[in-house]
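Peer 1: Got a predicted model here, sequence first, then my questions.
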Amino acid sequence: MLVSMLEIMQHAKKGGYGVLAPNVFNEDTVRVCLEAAVELDSPIIIDVLESNTKDLVSFGKMIRLLAHEVRVPVAINLDHGQNDAACMKAIYGGFTGIMVDRSFLPFEENAREVRKFKELCAPIGVTVEAEFGQIAEGEEYLEKREEYLTDPEMAKKFVELSGCDCLAVSIGEAHGEYVTEPDIDFERLQKIKEAVDVPLVFHGGSWSGFENIAKCCQIGCQKVNMGSHAYQNGVDKYMEERAKGNPDTTSARTGGNIMWAGYKEIVIKYMKCCGSEGKNWLKIVD
Ligand SMILES: [Zn+2]
């Protein structure tokens, strides 16, 4: 069942757990994410990057159809909406959350841009995620990790000024593969949680360490983004089967199924470490 992203995050905040937001890029990845959520009786946030689809509008509408068919709470969120056009397309496509990522702009401009979308989205029940602080990627992690970290007091001001519904924070995570061991700043997360009321988002879940993620969800992250690790496992599984001479790998149709199964395996692992298993609040009452 389709719900707003904020509804999922509010339940998570109250229950003290996190909800996985896997990056999807086609119908099959959406379907295996929904299957995983049903199997674990868990809410899920389907995260879509603009660059992962040719058309946000039709993709959003397709995910809506599939979300209506399952009896777990499902939100559809635009991941890293870095321009107005992507945010508007996502709204038009029926997404129930958009990330208005202007973290590359100075503090006040970032807040102003988020506020603009908050005013547009509030009347139609679309959740607005903002990012304050930045998330490094690749080699950047070594040079910029410190500089990018979210300051708790500034985060408080940012939430007040922007009116965002939830906030992505930088606490030492990295997007994609880490070039060194992940160095997660749990104390900083605790301080941010105490300073702001809105739910918090952990970006760059891939390879951040299951124990680290579980701890962040216990401290106060209600959404965990993850993509690369699941993509990689899908390809790894395919290559393993290929090396074994599995005839299914000789067709794109059957070979794809091996990949989606590998992708799903990782989605399930991350969902379990977020602590959302069994947290479906949409129970059937006969
Ligand atoms: Zn991200």
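Peer 2: Looks like it arrived, so ask away. Keep in mind it's a predicted model, so treat the numbers as computed, not measured.
Peer 1: for the residue lying closest to residue 135 once chain neighbours are set aside, phi and psi?
Peer 2: Nearest residue to residue 135, sequence neighbours excluded (C-beta to C-beta, 6 or more residues apart in numbering): residue 203, at 4.7 Å. C-beta: built from backbone N, CA, C; applies to glycine. Backbone torsions of residue 203, given as degrees, to the nearest 10, read phi -90, psi 160.
Peer 1: these two touch, right, residue 203 and residue 227?
Peer 2: No - contact criterion C-beta atoms under 8 Å: residue 203 and residue 227 do not qualify, at 10.2 Å.
Peer 1: who's more crowded, those two?
Peer 2: Per other C-beta atoms under 10 Å, whichever of residue 203 and residue 227 has more neighbours is residue 203, with 29 against 24.
Peer 1: separation between the more buried one and residue 244?
Peer 2: Going from residue 203 to residue 244 by C-beta to C-beta, to the nearest Å gives 36 Å.
Peer 1: How are the helices of this structure distributed by residue range?
Peer 2: Here the chain has its helices, by DSSP state H, at 5-15, 27-40, 56-68, 84-92, 107-121, 140-148, 152-162, 186-195, 210-219, 228-243, 252-274.
Peer 1: Skipping its backbone neighbours, what lies nearest residue 229 in space?
Peer 2: The shortest distance from residue 229 to any non-neighbouring residue, by C-beta to C-beta, 6+ apart, is to residue 206 (3.8 Å).
Peer 1: Thought residue 173 was touching that neighbour, still the case?
Peer 2: No - Residue 206 is not in contact with residue 173 according to C-beta under 8 Å; the separation is 9.4 Å.
Peer 1: So for these two, which sits in the more crowded spot?
Peer 2: Neighbour count, other C-beta under 10 Å: between residue 206 and residue 173, residue 173 has more, with 29 against 23.
Peer 1: now that one, nearest residue through space, not along the chain?
Peer 2: Residue 173's closest residue in space is residue 204 (C-beta to C-beta, 6+ apart), at 4.0 Å.
Peer 1: Can you report how many residues lie near the one you found?
Peer 2: Number of residues near residue 204 (other C-beta under 10 Å) recorded here: 25.
Peer 1: List the contacts of it.
Peer 2: Residue 204 makes contact with 135, 137, 173, 174, 175, 176, 225, according to C-beta atoms under 8 Å, 6 or more residues apart in numbering.
Peer 1: if we go to 7 Å?
Peer 2: Applying C-beta atoms under 7 Å, 6 or more residues apart in numbering to residue 204 gives the contacts 135, 173, 174, 175, 225.
Peer 1: what does residue 184 give?
Peer 2: The contact partners of residue 184, taken as C-beta under 7 Å, 6+ apart, are 171, 172, 173, 208, 212, 216.
Peer 1: that older thread, so the residue nearest to residue 229 makes contact with residue 232?
Peer 2: No - with contact defined as C-beta atoms under 7 Å, residue 206 does not count as touching residue 232 (8.0 Å).
Peer 1: hey, what's in contact with both of these two?
Peer 2: Common neighbours of residue 206 and residue 232 (C-beta under 7 Å, 6+ apart) do not exist.
Peer 1: Residue 54: neighbour count?
Peer 2: For residue 54, using other C-beta under 10 Å, the count is 7.
Peer 1: Test my guess that residue 205 contacts residue 224.
Peer 2: Yes - assessed by C-beta under 7 Å, residue 205 is found in contact with residue 224 at 4.6 Å.
Peer 1: Tell me the residues that contact both of those two, please.
Peer 2: In contact with both residue 205 and residue 224: 213, 270, using C-beta under 7 Å, 6+ apart.
Peer 1: so which of the contacts of residue 184 comes closest to residue 191?
Peer 2: For the contacts of residue 184, the residue nearest residue 191 by C-beta to C-beta is residue 171; the value is 9.8 Å.
Peer 1: and the end-to-end length of stretch 195-204?
Peer 2: The first and final residues of stretch 195-204 sit 23 Å from each other (C-alpha to C-alpha, to the nearest Å).
Peer 1: can you check stretch 178-188 too?
Peer 2: Stretch 178-188: ends 20 Å apart by C-alpha to C-alpha.
Peer 1: and it, how far out from the chain's middle?
Peer 2: 18 Å (C-alpha atoms, centre = their mean, to the nearest Å).
Peer 1: Cheers, nothing more for now.
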